[in-house]
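In: Model the following, please.
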Amino acid sequence: MVTPSFQSEKSPGPFDWPLAYEAEQLLRRFIGAFLERNGYARRLAERMRDETGTDFYEWVDHLVLTSEHAAELDAVGLVVEKVHAPFSTIVLHHPRAMMPRVLLRLGSGAPGVPSVVALRPESLPDFLARHDLAAPIQGEPGSRFRRALVAEEQGTRLEAVERLGWRGFVPEAPAAGFTAAVVKARELFHLRKRDFAEDAAGVKHAFAVLDQVLALVPRDVACELFFAEERAFWEFRNRAARVQKRRQDLLGLGWGNHDHHTFRCSRARFADVIEFLTRLGLEKRERYYAGEEAGWGAQIMESAATGIVVFADVDLQPGEIDIDFAKERLPDLPALRTVGLWCALHGDSFLQAGMHHLEARFDFARLCDQLAAEGVATMRPFSDFAFLRQAFTEGERWPVRPGRVATLLLAGLITPEQADGFIRDGALGSHLENLQRKGGFKGFNQKAVSAIIAATDPRLIQAAHSEP
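Out: Residues are numbered from 1 along each chain as shown. Sure thing, here's the model as predicted:
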């Protein structure tokens, strides 16, 4: 195949994520041309918009184009990715932006129209079942890449794929015993005990479970399985999550549109969480320290193989942003800020509480309206830019164990009035986060995150709740 000399992939260096508007517009143009020719895909896109508040584009795993488009893809920043692909196929991705990948193949076709657009629901069998499709699945159960034909019209194919910690494009038969190992690994994470009398015992147990899982399956598979269980645990504790998950499940989509998973961490457990995530293959991205007044910091982590992103936040002091969180433990502080108090009231996200929120990619305004019709309110947006819109659903209020309140009161970390309020009314727990990105923007807005962390401080919410 004759192609232009694509750039070689390099480390992104500083995490100053670009706005790749031209690349996104080009891919959206290709996908739009596909939808004009494939009526099934077009109707599905309309249902995604109207029934789930999501954008068809955000569900696209990859599209297939002829090699004549190589130059224009190169011009907008797509580069070659070396992954397992069919013969005479070049895989392109944008190394610094979130967008579908492109496969270039020799051949002829309608100019500007992808021959294939492949969607990525969370579960391929669930997707096919919900759409009453009897299409054979290429790739056995347990395979790390599976695909099926959804609809073929006017020289275009709508496909759906399922991935298990794998970025390649060729279904392969799993090794003997691998499928059973995946089932066992999923069960180990599902049955992980989270609540111990001492948090240190819970952490020790979590690492023991991880050791068992990693003896069964590769790290990237373990990563996929762990976060699927974390989403399920969070969902059980959040009504907005259950409402939206059901809406997406009715189209067989699951949480395939997840953007990032937020773990609130106590200072005592932060190093443990970072080490655990590192062992799952997540690498450190940008760090945030919002300043002494805000009192929080965060480590962003990402698994390139799975697309899993974690926002791990913690109470943080000046000078601690340069600490290697995987090696140095943070000492206790004489006062708790928003994140620390949340963990003290509910437990760490890694242990008793589960995630503070899952952020998924939506059509922002449309989802707000649709959830409102389901009785789920949305808070005021804390990011409202052309390239990034974010808002929490109204928080789920959880009961607080009296023993936790007593410990905080005895330590002088809350007032008697606050203690009474937490016992009586509970405290804000978790959210679903509505997010819309443009230009493939991968980053976050630190000032906006500071505002929402401050706005969800349990003491502030309790004071407002107690007002006559």
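In: the domain parsing of this structure - what is it?
Out: For the chain, automatic domain parsing gives the domain ranges 21-163, 183-466.
In: wait, which of those domains is closest to residue 169?
Out: Closest approach to residue 169 among these is made by domain 21-163 (4.6 Å; CB to CB). C-beta here means a position set from N, CA and C on the backbone, and glycine is covered the same way.
In: now for that closest one, what's the gap between its first and last residues?
Out: 27 Å (CA to CA, to the nearest Å).
In: same check, this time on stretch 336-350
Out: For stretch 336-350, the end-to-end distance is 19 Å (CA to CA).
In: Could you tell me the least trusted of the domains of the chain?
Out: Per-stretch mean pLDDT for these is lowest at domain 183-466 (a mean of 94).
In: Contact partners for the nearest residue to residue 380 once chain neighbours are set aside?
Out: Using CB to CB, 6 or more residues apart in numbering and skipping residues adjacent in sequence, the residue nearest residue 380 is residue 391, 6.8 Å away. Applying CB atoms under 8 Å, 6 or more residues apart in numbering to residue 391 gives the contacts 364, 368, 378-383, 433-434.
In: Can I get the buried part of these as one PyMOL selection?
Out: Typed into PyMOL, the line below selects the buried ones among those, using 16 or more other CB atoms under 10 Å:
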select buried, resi 364+368+378+379+381+382+383+433+434
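In: which among the contacts of residue 391 gets closest to residue 276?
Out: Distances from residue 276 to those, taken by CB to CB, are shortest for residue 433, at 22.5 Å.
In: quick check, the closest one in a strand?
Out: Yes: under the criterion used here (DSSP: H, G, I helix; E, B strand; the rest coil), residue 433 sits inside a strand.
In: In space, what's closest to it - neighbours in sequence excluded?
Out: Counting by CB to CB, 6+ apart, the residue nearest residue 433 is residue 359, at 3.8 Å.
In: next one: residue 181
Out: Nearest residue to residue 181, sequence neighbours excluded (CB to CB, 6+ apart): residue 216, at 4.2 Å.
In: do residue 404 as well
Out: residue 345 (5.9 Å).
In: Likewise for residue 351?
Out: Nearest residue to residue 351 in three dimensions, chain neighbours excluded: residue 202, at 4.6 Å (CB to CB, 6+ apart).
In: Can you report how many residues lie near that neighbour?
Out: Neighbour count of residue 202, defined by other CB atoms under 10 Å: 22.
In: I'd say it and residue 196 touch.
Out: Yes: Residue 202 is in contact with residue 196 according to CB atoms under 8 Å; the separation is 4.2 Å.
In: Give the residues shared as contacts by these two.
Out: residue 351.
In: Inside strands: which ones of the contacts of residue 391?
Out: In this view, the contacts of residue 391 that belong to strands under DSSP state E are 383, 433-434.
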